[in-house]
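Chemist: I'd like to go over a predicted model; first the sequence, then the structure.
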Amino acid sequence: MSVIGLIDANNFYASIERAFAPELDRRALVVLSNNDGCVVARSPEARELKIPIGVPLFQIRHLLDRHNGVALSSHYTLYDDMSWRFQSCLEDFTPDIEHYSIDEVFVKMPLSSLRSLSETGHEMRRQVRALTGVPVSVGFAETKTLAKIAIEIAKKSTRANGMVNLTGSPYRDEALSRVAVENVWGCGRMYSALLERNGIKTALDLRNADEEWIRKRMTVVGARIVQELRGIQCIPFEPTPKVKQQLCVSRSFGSATESLHDLRAAVAFFTSRVAEKLREHRLLAGELSVFVHTDRFKDVPQYANSARLSVAPKSDSTLELLPLALKGLDAVHREGFQIRKAGVILNDLELADCAPRRLWDAALYELHKRLMGVVDALNIKFGKDTVRCGLFPNSGAWRTRFERRSPAYTTDWRQLMTAH
DNA sequence: TCTGGGGTCCTAGGACCC
DNA sequence: TCTGGGGTCCTAGGACCC
């Protein structure tokens, strides 16, 4: 028997930007999506201003200006690096760690340490804060869904001081009654609307709901949520990550384009990136898709299409995937449409070590493998795009814009902080 | 002017097989 | 007149997550 812990960074991206630029403290700060499009993270001060996640920058710019707020471009290389740093801190507390997302970690704690669990939780918070500058909240409970409830309370209640332990707690029903059903893990917009229409308004209502009814309306997914709220583990703790089923690289363009030349450059860029990911995960892909679409927010002729191509034999070589991707692009391209977004998706993935040996082109593929290995090594050592396929320009209207970017404090020697 | 990116799981229905 | 039944696999679409 053990307890599930959840450690969740508060306003992760905003907190990171602040950790490196203390002058941003106490100012409303938002971090923007690609192309500086919309808000993906915000500081508590920005939340106070009622700036929602997902709102486009242009709608809140006046609000930020009026309150001396700041908007920054997102900086995922930095966030990924900081994620690794903060999650590594937990290794001092338990060997059982599940890296759930960029800003959340599940841990499994042995029951023997139960008495000191709350103490441990507070110690985790102190340690992460001290080593990374990022504030985190901690929740403990019997299941993942309940640990999520604990975190909800930990973040809202000032008395909790960032840590709530619901394990065997007499306070559990009250905690459940204080969390709206829309904030229960797994209850999105559609499900919470359905539940509310039927008088199920809080996590407590959901826990006490009729399971058969839930199953009928929300499939087994809903039934699992109910079970988890009752303290029965249905969502497993998964310390080793599952093998991916799909890899995707896609972007909205800096500005829309009609030019096939531009689109080819974009698709070539996406293909290189997704192939890098593929090799990083030591996978081969058996299927490649290319998609394009126009700007759904604009009143222009709309067009969306995708093409699927089989990769045979399965491959991880950019040089083999690129011609296929370009063939896919030719298949979906139509004259006269302003394309705003495109992407490349790889499916039918298989671990490279498990794949059968190539028969007729084994020697050529060995060459590809060695070449890709060298390219990847150079790009890791000297930065992205140090070496790339030179047939296509690496610039153009399609390139993502980042006009408000902070320095790469931890991942680029040239951008280290300076102390005065 | 300006609206993200990358994933997972579940189900219903159709094709196909014996 | 009479028109099976059971199984598998695949896909599209919908819901959710961060």
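Modeler: The structure has been received and is ready for your questions. Numbers count the residues shown, from 1 in each chain, chains lettered A, B, ... in the order given.
Chemist: all strands of the stretch 101-250 of chain A, in order?
Modeler: A:104-110, A:136-141, A:163-165, A:247-257 (DSSP state E, counting those that start in this stretch).
Chemist: Single out the most deeply packed of these.
Modeler: Neighbour counts averaged per stretch over the strands of the stretch 101-250 of chain A are highest for strand A:136-141, at a mean of 27; criterion: mean count of other Cβ atoms under 10 Å. C-beta coordinates here come from the backbone N, C-alpha and C atoms, glycine included.
Chemist: Which strands border it, and is each parallel or antiparallel?
Modeler: Looking at strand A:136-141 with DSSP bridges, its partner strands are strand A:2-9 (antiparallel), strand A:163-165 (parallel).
Chemist: Please enumerate residues in contact with whatever helix or strand comes next after the longest one?
Modeler: Yep, that's strand A:2-9 we're talking about. Using DSSP states H and E, the helix or strand that directly follows strand A:2-9 along the chain is helix A:12-20. For helix A:12-20, the external contacting residues (Cβ atoms under 8 Å, 6 or more residues apart in numbering) are A:9, A:24-25, A:29-31, A:40-43, A:46, A:72, A:74-75, A:78-79, A:82-83, A:102-103, A:132-135, A:406-407, A:409, A:417.
Chemist: now do 7 Å
Modeler: Under the contact criterion Cβ atoms under 7 Å, 6 or more residues apart in numbering, helix A:12-20 has outside partners A:9, A:24-25, A:29, A:31, A:40-43, A:72, A:74, A:78-79, A:82, A:102-103, A:132-135, A:406, A:409, A:417.
Chemist: mean confidence score for that helix?
Modeler: Helix A:12-20 shows a mean pLDDT of 96.
Chemist: now check that helix, is it near DNA strand B?
Modeler: No. Shown here: helix A:12-20 not in contact with DNA strand B (Cβ under 7 Å from any atom of the strand), separated by at least 9.7 Å.
Chemist: Please check the contacts of helix A:12-20 and keep the buried ones.
Modeler: A:9, A:24, A:29, A:31, A:40-43, A:72, A:74, A:78-79, A:82, A:102-103, A:132-135, A:406, A:409 (16 or more other Cβ atoms under 10 Å).
Chemist: Alongside DNA strand C, which residues does chain A contribute?
Modeler: Chain A comes close to DNA strand C at residues A:100-104, A:148, A:185-192, as judged by Cβ under 7 Å from any atom of the strand.
Chemist: can you do 6 Å?
Modeler: In this structure, chain A approaches DNA strand C at residues A:101, A:102, A:103, A:104, A:185, A:186, A:187, A:188, A:189, A:190, A:191, judged by Cβ under 6 Å from any atom of the strand.
Chemist: where's the second one relative to residue A:53, distance?
Modeler: What that stands for is residue A:102. Distance from residue A:102 to residue A:53, counting by Cβ to Cβ, to the nearest Å: 15 Å.
Chemist: helix/strand/coil for the closest residue in space to residue A:332 that isn't next to it in sequence?
Modeler: With Cβ to Cβ, 6 or more residues apart in numbering as the criterion, residue A:332 has its nearest non-adjacent residue at 4.1 Å, and that residue is residue A:305. Classification of residue A:305 by DSSP: H, G, I helix; E, B strand; the rest coil places it in strand.
Chemist: pretty sure residue A:305 is touching residue A:289, no?
Modeler: No. In this structure residue A:305 lies outside contact range of residue A:289 using Cβ atoms under 7 Å: 10.7 Å.
Chemist: Comparing the two, which residue is more hemmed in?
Modeler: residue A:289 (18 against 14; other Cβ atoms under 10 Å).
Chemist: who are the neighbours in contact with that one?
Modeler: Contact partners of residue A:289, counting by Cβ under 7 Å, 6+ apart, are A:306, A:307, A:308, A:328, A:345.
Chemist: Out of the residues you listed, grab the one that's most surrounded.
Modeler: Of all these, residue A:328 has the most neighbours under the rule other Cβ under 10 Å, reaching 23 neighbours.
Chemist: how far out from the middle of the chain is the strand or helix carrying that residue?
Modeler: Per DSSP H and E: residue A:328 is located in helix A:318-332. Computed by Cα atoms, centre = their mean, to the nearest Å, the chain-centroid distance of helix A:318-332 equals 27 Å.
Chemist: residues making contact with the following helix or strand past it?
Modeler: Per DSSP H and E, the first helix or strand lying C-terminal to helix A:318-332 is strand A:339-351. With Cβ under 7 Å, 6+ apart as the test, strand A:339-351 has contacts from A:243-253, A:256-258, A:263, A:266-267, A:270-271, A:274, A:278, A:282-295, A:314, A:325.
Chemist: Rounded mean pLDDT for the helix or strand just after strand A:339-351, please.
Modeler: The C-terminal neighbour of strand A:339-351 among helices and strands, as given by DSSP H and E, is helix A:362-382. Average pLDDT, helix A:362-382: 92.
Chemist: again, but for stretch A:108-117
Modeler: Taken as a whole, stretch A:108-117 has a mean pLDDT of 78.
Chemist: Same check on stretch A:291-309?
Modeler: pLDDT averaged over stretch A:291-309 gives 94.
Chemist: Against DNA strand B, how distant is residue A:358?
Modeler: 25 Å (Cβ to the nearest atom of the strand, to the nearest Å).
Chemist: again but with residue A:262, I slipped
Modeler: Distance of residue A:262 to DNA strand B, given as Cβ to the nearest atom of the strand: 15 Å.
Chemist: cool, and residue A:272?
Modeler: The gap separating residue A:272 from DNA strand B is 12 Å, by Cβ to the nearest atom of the strand.
Chemist: counting contacts, what elements does the helix or strand containing that residue pack onto?
Modeler: Following DSSP H and E, one finds residue A:272 within helix A:260-280. Identification of packing neighbours for helix A:260-280 by 3 or more Cβ pairs under 7 Å, 6 or more residues apart in numbering; DSSP states H and E yields strand A:247-257, strand A:283-294, helix A:318-332, strand A:339-351, helix A:362-382.
Chemist: TSV for these, including distance to DNA strand B?
Modeler: Below are the helices and strands packed on helix A:260-280 laid out as TSV (distance: least, Cβ to the nearest atom of the strand, whole Å):
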stretch	distance to DNA strand B
strand A:247-257	3
strand A:283-294	10
helix A:318-332	14
strand A:339-351	5
helix A:362-382	16
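Chemist: could you dump the ones you listed to TSV with distance to residue A:166?
Modeler: Below are the helices and strands packed on helix A:260-280 laid out as TSV (distance: least, Cβ to Cβ, whole Å):
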stretch	distance to residue A:166
strand A:247-257	36
strand A:283-294	38
helix A:318-332	48
strand A:339-351	38
helix A:362-382	42
